[in-house]
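S.K.: With the sequence up front, the predicted model follows.
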Amino acid sequence: MTAPESGYNFAYLDESTKRMIRRAILKGVAIPGHQVPFGSREMPLPYGWGTGGIQVTASILGPADVLKVIDQGADDTTNAVSIRAFFRRVAGVATTERTAEATVIQTRHRIPERPLTENQILVYQVPMPEPLFRLEARVAETRRMHALADYGLMHVRLYEDVARHGRIATSYNYPVMVNGRYLMSPSPIPAFDNPKMHRMPALQLFGAGREKRIYAVPPWTEVRSLDFDDHPFRPIRAPQSCALCGSQESYLDEVLTDDRGGRIFVCSDTDWCAERQAAREAAE
Amino acid sequence: MTPPLLSARGLELRFGRIAALDGVDLDIWPGEVVAIVGESGSGKTTLLRVLSGLMPPDAGEVVFDGQDVLGMSEAARRRLMRTDWGFVHQNPRDGLRMGVSAGGNIGERLMAVGARHYGGIRAQASEWLARVEIDPSRIDALPRTFSGGMQQRLQIARTLVTHPRLVFMDEPTGGLDVSVQARLLDLIRALVAELGLAVLLVTHDIAAARLLAHRILVMRHGRVVEQGLTDRVLDDPQHPYTQLLVASVLAA
């Protein structure tokens, strides 16, 4: 493990920036689902790689924290490895790939399969915080719609989905209603993960660096996926079981294995998959 | 006598030195169609915008069903706009969502007031398409594939689906050719009678006003120069400007 770099403040950001971000986080926690503007800083990675998430993580990290970073559920992808290494170097915190051991989990596009606890914080990287984006082009108008809870337009989109495809075809970034008040984009997690947000014991924080917004879902908050009475929300999952661990509940990635059409389905949550494989080997 | 549904008193609005509204009073009773006629620039559309709360006047008051329209919060006004009120624009593109299917356009107001049953929304949408003489099999077609007259009828269906009590119409037949205009006017007249709507109709088309309206207000330079029952105003115009307006209608 590399030693922490000298010359940087703890966790890279200076203290006043962290204070500013923490204020935005507190405001977000106080108004679940409401997007709070904040002064997003330049970070040493490009927009779209998690600049929002990394700033939120930097602001909440303490020396005793254990950090896990996942990208599409995997611990071993470039983004996850780099962000883990970054915080090892600038904060000297312990990092892990085990969901159960982590106190802070920064994620892109997934929620871990293992249920989170009250002692954990889940930080999402959000590319586009505005759920009404693409439906209403004017930001001033979307803010007014949030202020007045005027969300009929979102249902028009779901209606169009059902009219065209016979079902709600939105399979990721599926809009949710937080605490019965604010419409929220859950970041591009699969709709499969939406039910996990509902009354989750862990604090959920969302950071959008380019769009300069932070929002939050406090522990045990109601998070409902929008739907119709006669077309209820359905989490979508490939019908296969994992080729490595045999799981029939976890969210699967389809992986090409050769250039002759060979493909397998494996868990997208690598830690979950590895734990199950280890447990099976131990049993044998 | 029942109180008026919408009542305006002493409306004033100036754009610089031009008086767009100069002491306008107006009452509309439930189920009544009132036309506002006048030449371009006489303040007709401004009056419509002020009455519907889209534009604040310099002075005056507007009361709808006992509520002060100008003083109410934006949330309350929006609620009114999607329940008790409807607005039919001259250009259907302003009133429709062009990227959303006909059914979605009609369903939007229903969903905005809390309808969450897809089958129910769809049934109402197809019923309304039939009522405005659009083939219900086109429920999933985009409005841009519709003709101008069909788009206007779709806009009317979308507005009336929540059974508003008062509908503002801004030149609903503008930009349509004569035969399509005639059909649209017929349709509006039938729907208005059937649903007992109150309509405030802005038009420069005297013939449309005669066909639809119970009462007519003639506006010029921001003032109401003459008002009364439609046939009285058009057959026996008193004010010189009204006489000019009636006389300048081309007889086919």
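M.R.: Received, thanks. All of these numbers come straight from a predicted model, not from anything done at the bench.
S.K.: dump the residue contacts of the residue of the stretch 1-150 of chain B found nearest chain A.
M.R.: Nearest residue of the stretch 1-150 of chain B to chain A (C-beta to the nearest C-beta) works out as residue B:112 at 2.9 Å. In short, each C-beta sits where N, CA and C put it, glycine included. Residue B:112 makes contact with A:150, A:152, A:153, A:155, B:82, according to C-beta atoms under 8 Å, 6 or more residues apart in numbering or on different chains.
S.K.: tell me the pLDDT at it?
M.R.: Per-residue confidence at residue B:112 stands at 89 (pLDDT).
S.K.: Quick one: name the residues of the stretch 1-150 of chain B near chain A.
M.R.: Within the stretch 1-150 of chain B, the residues that sit near chain A (C-beta under 8 Å from any C-beta of the partner chain) are B:74-75, B:78, B:82, B:97, B:100-101, B:103-104, B:107-109, B:111-113, B:116-122, B:139-140.
S.K.: show me the contacts for the most centrally placed residue in chain A.
M.R.: The centre of chain A sits closest to residue A:124, judged by C-alpha atoms, centre = their mean, with a distance of 3.4 Å. Applying C-beta under 8 Å, 6+ apart, we find residue A:124 in contact with A:53, A:107, A:108, A:186, A:187, A:189, A:204, A:205, A:206, A:207.
S.K.: right, and the helix or strand after whatever helix or strand it lives in?
M.R.: Residue A:124 is part of strand A:121-125, with elements assigned from DSSP states H and E. As assigned by DSSP H and E, the chain's next helix or strand after strand A:121-125 is helix A:139-147.
S.K.: From the chain's centroid, how far away is that following helix?
M.R.: Offset of helix A:139-147 from its chain centre (C-alpha atoms, centre = their mean, to the nearest Å): 24 Å.
S.K.: next one: stretch A:260-269
M.R.: 23 Å.
S.K.: Quick check: end-to-end length of that stretch?
M.R.: One end of stretch A:260-269 to the other measures 26 Å (C-alpha to C-alpha, to the nearest Å).
S.K.: buried ones in it?
M.R.: Neighbour counts over stretch A:260-269 (16 or more other C-beta atoms under 10 Å in any protein chain shown) mark A:265, A:266, A:267, A:268, A:269 as buried.
S.K.: want to try CSV for those residues, with pLDDT, secondary structure and distance to residue A:30 as columns?
M.R.: Shown next, in CSV, are the buried residues of stretch A:260-269 (pLDDT from 0 to 100; DSSP: H, G, I helix; E, B strand; the rest coil; distance: C-beta to C-beta, whole Å):
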residue, pLDDT, secondary structure, distance to residue A:30
A:265, 95, strand, 42
A:266, 94, strand, 40
A:267, 95, strand, 36
A:268, 94, coil, 33
A:269, 94, coil, 31
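S.K.: For residue A:242, which non-adjacent residue is spatially closest?
M.R.: residue A:267 (4.7 Å; C-beta to C-beta, 6 or more residues apart in numbering or on different chains).
S.K.: how about that neighbour, what does it touch?
M.R.: A:73, A:113, A:242, A:244, A:245, A:247, A:250, A:251, A:252, A:253, A:273, A:276.
S.K.: Roughly how far does the last one sit from residue B:135?
M.R.: Distance from residue A:276 to residue B:135, counting by C-beta to C-beta, to the nearest Å: 56 Å.
S.K.: Comparing those two, which residue is more hemmed in?
M.R.: Shown here are residue A:276 and residue B:135; by other C-beta atoms under 10 Å in any protein chain shown, residue A:276 has more neighbours (19 against 11).
S.K.: how about the strands in chain A?
M.R.: A:36-37, A:66-71, A:94-95, A:104-108, A:121-125, A:176-178, A:182-184, A:203-208, A:213-217, A:223-225, A:252-256, A:263-267 (DSSP state E).
S.K.: and chain B, which of the contacts of residue A:124 reach it?
M.R.: Within these, nothing lies near chain B by C-beta under 8 Å from any C-beta.
S.K.: neighbour-wise, which of those residues leads?
M.R.: For the contacts of residue A:124, the largest number of neighbours (other C-beta under 10 Å) sits with residue A:207, at 33 neighbours.
S.K.: Residue B:10 reaches residue B:60, doesn't it?
M.R.: Yes: the pair residue B:10 and residue B:60 qualifies as a contact (C-beta atoms under 8 Å) at a distance of 4.3 Å.
S.K.: Next, count neighbours for the closest residue to chain B within chain A.
M.R.: Scanning chain A for the residue nearest chain B gives residue A:152, at 2.9 Å (criterion: C-beta to the nearest C-beta). The number of residues packed near residue A:152 is 18, by other C-beta under 10 Å.
S.K.: So it sits against residue B:115, correct?
M.R.: No: counting by C-beta under 8 Å, residue A:152 does not reach residue B:115; the two are 9.1 Å apart.
S.K.: Could you tell me which residues of chain A lie near chain B?
M.R.: Residues of chain A lying near chain B (C-beta under 8 Å from any C-beta): A:144, A:148, A:150, A:152-153, A:155-156, A:159-160, A:162-164, A:227-231.
S.K.: now those residues: which count as buried?
M.R.: Buried members of the residues of chain A next to chain B, scored by 16+ other C-beta under 10 Å, are A:150, A:152, A:153, A:155, A:156, A:159, A:160, A:162, A:163, A:227, A:228, A:231.
S.K.: before we move on, the earlier item: show me the beta-bridge partners of the residue nearest to the centre of chain A.
M.R.: residue A:107, residue A:206 (DSSP bridges).
S.K.: Residue ranges in chain A under the pLDDT threshold?
M.R.: Within chain A, the segments meeting pLDDT under 70 span A:1-3.
S.K.: Show me what the host helix or strand of residue B:244 packs onto, helices and strands only.
M.R.: Under the criterion of DSSP H and E, residue B:244 resides in helix B:240-247. With contacts taken as 3 or more C-beta pairs under 8 Å, 6 or more residues apart in numbering or on different chains; DSSP states H and E, helix B:240-247 sits against strand B:215-220, strand B:223-229.
S.K.: Which of the buried ones among the residues of chain A next to chain B sits closest to residue B:53?
M.R.: The closest of those to residue B:53 turns out to be residue A:150 (C-beta to C-beta; 15.5 Å).
S.K.: Surely the closest one touches residue B:81?
M.R.: No: judged on C-beta under 8 Å, residue A:150 makes no contact with residue B:81 at a distance of 10.1 Å.
S.K.: what comes up buried for the lengthiest helix in chain A?
M.R.: Scanning chain A for the longest helix, with DSSP state H as the assignment, gives helix A:15-30. In terms of neighbour count (16+ other C-beta under 10 Å), helix A:15-30 has its buried residues at A:17, A:18, A:20, A:21, A:24, A:25, A:27, A:28, A:29.
S.K.: Tell me the spacing between the fourth one and residue B:161.
M.R.: Here the distance between residue A:21 and residue B:161 works out to 46 Å (C-beta to C-beta).
S.K.: All good on my end, thank you.
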